[in-house]
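> Sequence unavailable; structure follows:
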């Protein structure tokens, strides 16, 4: 089987500059905040994110991590305080989940449009019906706030993506949300290669000072009322930079490989070639299960979306050039958005506009429902060429 | 720069052309606060009338840094800025929240309480004009009983929230009330707050001609009456020790204050003296409570 990207074990040369640890996704996130030298962290507990801010608080208390951590009284305040600190030019970090992210929604808009390069983690869980397990509906609901969104498959990717996110965010002045699956990633122990501090410092120097930072010796006003002509202009400039994210993600991933020996891109393709009959399009940890299943199905390919927002249309279309028109695309959505299609299906349809070929949307794993190999098998055994097969399928009906 | 002909403003730290209504308490307050605070100050402004008065992008009425913040998040935004400035070693800088009563009593209460309980090192100033004036006079929980607003067209039927008691319950090092009719007292309090470390809170009774419905030239007179009637007493508490800063020389009934303001005119025209009596009773009870706090 041909895997085109994602090599998560460092190459021989770079491996010397890493320490091997067995870490949960949440611990990898806390570790990443430390090695990225975030200096201001805000905390508010919510399951299943809580251990991220707990571990950060503990590292600060042990003086292993030089940052100020403040326990806020809500997620709205968590993000508002980050906004305040980031306005002074600080590199900041927080983590949240589900209701917490939804509660902070208003502040997410403000952060994005103040062009603050904040990186935050979201451990994806739903809100209502009340549920604490894995789901993407919380972060998908923030798609229109102007944050870049990455979805991570495992602990190593969580750590590496946070490092790359600061690089991309600080270059484009756009915030990034790094999403990991509740429990399947957040609370699952995996092998993680932790890069040495010096290596991270080489790849990710301190945040550059800017004339747009708060400077008490050079007073200015931030966030005042903006008239329609300027509002339009600010949004156009934002749009121009948002359209650079896909290329910057690829660039940051390639540069990351030079330093760390692990390569990343906006998407990852596995087993996609002219003979591929079905392509499963996935986010996060469902990808791992699908990887295993397709080993015994040479006709099934896998397209993992790592960068969800902005949607990496260019990378996707490039990969799909390899398949013939009869190849069937199947999105696997772990998010119900109150509409017919889930997020991947919506985004794929948008990206494929004007292109012929069949696409189906499967709902699987909502609210933490297990997606074992047998579910993936069930998906690929569907007769997609039958007129009876509906466009949207609830696989565990 | 010292202004020669104005003994009250030692350092003029506002530019001309503030976008306030005539007789507005906010612009007068901003002049005094900025004069005492100096230019190395970051003002955090959650949505309120001052968001407009301070000037739209890219203008800035104050000689100092202004951060316009979300309505609910004045104290939280100030928290982030304060900690970040301290990490930069900018300890001479000051952080001051300038909030309205909505951003203090209502939507801003959670973040205010969080910051006060954490003992954050900044000053929170509430310009209390007793309603959502920026959006066109809707009731807030700071609106006094009887006042007509666009959302209580028959007059509000509950008393204003006792926010100062909530503030006191946070055991902060300094809190005070102040009035624009008592400028020496106001200035003393801002200066005192400036020298103290920790969370400091000052509530200003703010005149608002369009919201309270009176002629702009009466702003200071009405503010003075609010203190003289003990409708808005002047006091402060340093480390929990209360001090009343002004004792009215003779008792004036609240009628004198209410009848100057159109928002209370229905109390006089339709003979609802019951409500005026009940307001008077409330004022008397609160004044007695305050006297007890001072004795303790």
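It's in. This is a predicted model, so every value here is computed, not measured.

> what comes up buried for stretch A:247-259?
With burial defined by 16 or more other Cβ atoms under 10 Å in any protein chain shown, the residues of stretch A:247-259 counted as buried are A:248, A:249, A:250, A:251, A:252, A:253, A:256, A:257, A:259. (Glycine included, C-beta is placed from N, CA and C.)

> Which of those residues fall in strands?
Among the buried residues of stretch A:247-259, the subset assigned to strands under DSSP state E is empty.

> which stretches of the chain have low pLDDT?
No chain in the question, so chain A it is. The model of chain A has pLDDT under 70 over residues A:1-7.

> I was thinking of chain B, sorry if that wasn't clear
Low-confidence segments of chain B, defined by pLDDT under 70: B:1-7, B:270-272, B:296.

> the helices in the stretch 101-250 of chain B, which residues?
B:109-118, B:163-168, B:183-195, B:209-212, B:219-228 (DSSP state H, counting those that start in this stretch).

> Just give me how far the shortest one sits from the chain centre.
Which is helix B:209-212. Between the mean C-alpha location of helix B:209-212 and the chain-wide mean there is a distance of 15 Å, by Cα atoms, centre = their mean, to the nearest Å.

> most centrally placed residue in chain A?
In chain A, the centroid-proximal residue (Cα atoms, centre = their mean) is residue A:150; its distance is 1.7 Å.

> wait, which of the helices of the stretch 101-250 of chain B is closest to chain A?
Among those, the nearest to chain A by Cβ to the nearest Cβ is helix B:109-118 (3.2 Å).

> what about the longest helix belonging to chain B, distance to the chain center?
Longest helix of chain B, by residue count under DSSP state H: helix B:273-295. Chain-centre distance of helix B:273-295: 20 Å, with Cα atoms, centre = their mean.

> Which stretches in the stretch 151-300 of chain A count as helices?
A:155-172, A:197-203, A:228-242, A:245-260, A:286-294.

> And these: which comes nearest chain B?
Nearest to chain B among the helices of the stretch 151-300 of chain A is helix A:228-242; the distance by Cβ to the nearest Cβ comes to 6.3 Å.

> returning to what we had before: possible to save the buried residues of stretch A:247-259 as CSV with distance to residue B:175?
Converted to CSV, the buried residues of stretch A:247-259 look like this (distance: Cβ to Cβ, whole Å):
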residue, distance to residue B:175
A:248, 49
A:249, 50
A:250, 55
A:251, 53
A:252, 49
A:253, 53
A:256, 51
A:257, 57
A:259, 53
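
> among those, which are within reach of chain B?
The subset of those within reach of chain B, counting by Cβ under 8 Å from any Cβ of the partner chain, is empty.

> Point out the residues in the stretch 51-200 of chain A that sit beside chain B.
Proximity of the stretch 51-200 of chain A to chain B, by Cβ under 8 Å from any Cβ, involves residues A:68, A:70-74, A:76-78, A:80-90, A:92, A:106-107, A:110.

> Mind doing that once more with 6 Å?
The stretch 51-200 of chain A comes close to chain B at residues A:68, A:73, A:76, A:77, A:80, A:81, A:84, A:85, A:88, A:90, A:106, A:110, as judged by Cβ under 6 Å from any Cβ of the partner chain.

> Which of those residues fall within helices?
Using DSSP H, the subset of those located in helices is A:76, A:77, A:80, A:81, A:84, A:85, A:106, A:110.

> Reformat those residues as a markdown table; add neighbour count.
Listed next are these as a markdown table, based on neighbours: other Cβ atoms under 10 Å in any protein chain shown:
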| residue | neighbour count |
| --- | --- |
| A:76 | 22 |
| A:77 | 27 |
| A:80 | 31 |
| A:81 | 33 |
| A:84 | 32 |
| A:85 | 30 |
| A:106 | 15 |
| A:110 | 21 |
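
> Any chance of TSV for those residues, columns distance to residue B:110?
Formatted as TSV, these follow (distance: Cβ to Cβ, whole Å):
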residue	distance to residue B:110
A:76	8
A:77	7
A:80	11
A:81	13
A:84	16
A:85	19
A:106	13
A:110	17
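
> Tell me the residue of chain B that sits nearest chain A?
Chain A sits closest to residue B:80 of chain B, with a gap of 2.8 Å, by Cβ to the nearest Cβ.

> Thanks again, I'm all set now.
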